[in-house]
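S.K.: this one's sequence-less:
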């Protein structure tokens, strides 16, 4: 029961992108097409899941084998420790992508190594996985990962639809439609995410007023 | 493609502006742009750290990670060039660790040497470690100025110039944004749009303005 709540909160109530405004750089940069968005979302979810798992296990292990003194000194270097864990998984993703999905790897470019500095991942490792047991940490990572992917896809949906008149590469707007190039270009990303955030705020307010 | 110094400066300040065209460093851009003073402080701190981080990561990459004739295994330990290990896959891990410790080190150094500078930049320095623009510029230097992972001619000077002007570009848009947001406070904005949403829309409009630079012919 609580595991499901843990996972679901990341999707809407604490959506990392729209609610917590974390990890915005990759969201805006790779949301030009749905394929890119899903690829980036999957890569981030993988890193998030692995790092949450390892961090949670590490803290558990230290609690078992170290004295109180040892735990205190480990606590001081926990952030660099988390960063090394995260960076190792990002390197794995980088190499797997370059080997099996060269096109995706090309279009995501610099934003694959930059998953390391995505605040969502370090934020969840420090704020959740280091304080909770294994299963809730995994549930949290899955929820946050899905929430991140959904937000990314939602932005990419509008940008790809209006900017190139296509979805997943298929032209669906017909020949008459002239794509609004602006949405594929950088300004489109800022405008779309701003309007999404405003819309969510408006929904919240309406809900509050009616209850 | 080889760029001249002037081209690199114009490209990284205006055309490929780090915030508005490359989407790097958005967290401080949205977080620290509420007041003009803090925007200037943050911009200076980022420019400073960016330049130093680029310098250090270039040195590390050339002398330790890439299998070049400059690699220490070849030049100091006389390993045959084909046996020099190709460690370029360690790039991400090494760079992030170096940047994180570098920021700590710079903070301690400035505190010791110049308390005035520390008062101006101090509070922004810890925030910079998680600023993706710093790691971004370090990785971009390698992507742009290294050919197949090997340093191109004059890549060192290009790296420094790109890092410094990327920092200037970041400062420019941060200060512009802070100026706009200080005025936005006085205006009656629809309630759901207050705060972040309107900041994003303003950033979108600024980005449209900066698109104009991409038509510039800088030969």
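M.R.: Thanks, I have it. For clarity, every value in this text was computed on a predicted model and none was experimentally measured.
S.K.: the one helix or strand in chain B whose mean pLDDT sits lowest: what's the following helix or strand?
M.R.: In chain B, no helix or strand scores lower on mean pLDDT, DSSP states H and E than strand B:150-151, which sits at a mean of 66. Remark: after strand B:150-151, the chain's next helix or strand is helix B:155-184, criterion DSSP states H and E.
S.K.: just checking, what packs against that following helix?
M.R.: For helix B:155-184, the contact count by 3 or more Cβ pairs under 8 Å, 6 or more residues apart in numbering or on different chains; DSSP states H and E identifies helix B:5-10, helix B:26-31, helix B:36-60, helix B:132-145, helix B:196-211 as packing neighbours. To be clear about C-beta, it is placed using only N, CA and C from the backbone, and glycine gets the same treatment.
S.K.: what residues of the helix or strand following the longest one count as buried?
M.R.: The one in question is helix B:36-60. On the C-terminal side of helix B:36-60, the nearest following helix or strand under DSSP H and E is helix B:72-75. For helix B:72-75, the neighbour count (16 or more other Cβ atoms under 10 Å in any protein chain shown) marks B:73, B:74 as buried.
S.K.: separation between residue B:85 and chain A?
M.R.: 16 Å (Cβ to the nearest Cβ, to the nearest Å).
S.K.: that residue reaches residue B:67, doesn't it?
M.R.: Yes. With contacts counted by Cβ atoms under 8 Å, residue B:85 reaches residue B:67, the gap being 7.0 Å.
S.K.: more neighbours, these two?
M.R.: residue B:67 (19 against 12; other Cβ atoms under 10 Å in any protein chain shown).
S.K.: SS state for the most centrally placed residue in chain A?
M.R.: Centrality entry for chain A: nearest residue to the mean C-alpha point is residue A:148, 3.8 Å, by Cα atoms, centre = their mean. For residue A:148, the assignment made with DSSP: H, G, I helix; E, B strand; the rest coil gives helix.
S.K.: helix/strand/coil for the residue lying closest to it once chain neighbours are set aside?
M.R.: Nearest non-adjacent residue to residue A:148, counting by Cβ to Cβ, 6 or more residues apart in numbering or on different chains: residue A:16, 5.2 Å away. On the three-state scheme (three-state DSSP), residue A:16 is labelled coil.
S.K.: neighbours around residue A:16, how many?
M.R.: 27.
S.K.: quick check: which ranges of chain B have low pLDDT?
M.R.: B:1-2, B:120-123, B:129-130, B:148-152, B:218-219 (pLDDT under 70).
S.K.: look up how far residue A:32 lies from residue A:188.
M.R.: From residue A:188 across to residue A:32, the span is 8 Å (Cβ to Cβ, to the nearest Å).
S.K.: pull up the overlap in contacts between the two.
M.R.: Listed as contacting both residue A:188 and residue A:32 by Cβ atoms under 8 Å, 6 or more residues apart in numbering or on different chains are A:159, A:163.
S.K.: phi, psi for residue B:96 please.
M.R.: Dihedral pair for residue B:96: phi -70, psi -40, per degrees, to the nearest 10.
S.K.: do residue A:170 as well
M.R.: According to degrees, to the nearest 10, residue A:170 has phi -90, psi 130.
S.K.: and it, how close does it get to residue A:85?
M.R.: From residue A:170 over to residue A:85 (counting by Cβ to Cβ), the distance is 39 Å.
S.K.: how about residue B:166?
M.R.: Residue B:166 is 29 Å from residue A:85, by Cβ to Cβ.
S.K.: same question for residue B:16.
M.R.: Look at residue B:16 and residue A:85: by Cβ to Cβ, they are 32 Å apart.
S.K.: same question for residue A:66.
M.R.: Separation of residue A:66 from residue A:85 (Cβ to Cβ): 18 Å.
S.K.: where in chain A is the helix or strand with the lowest mean pLDDT?
M.R.: Scanning chain A with mean pLDDT, DSSP H and E, the lowest is strand A:170-171, at a mean of 74.
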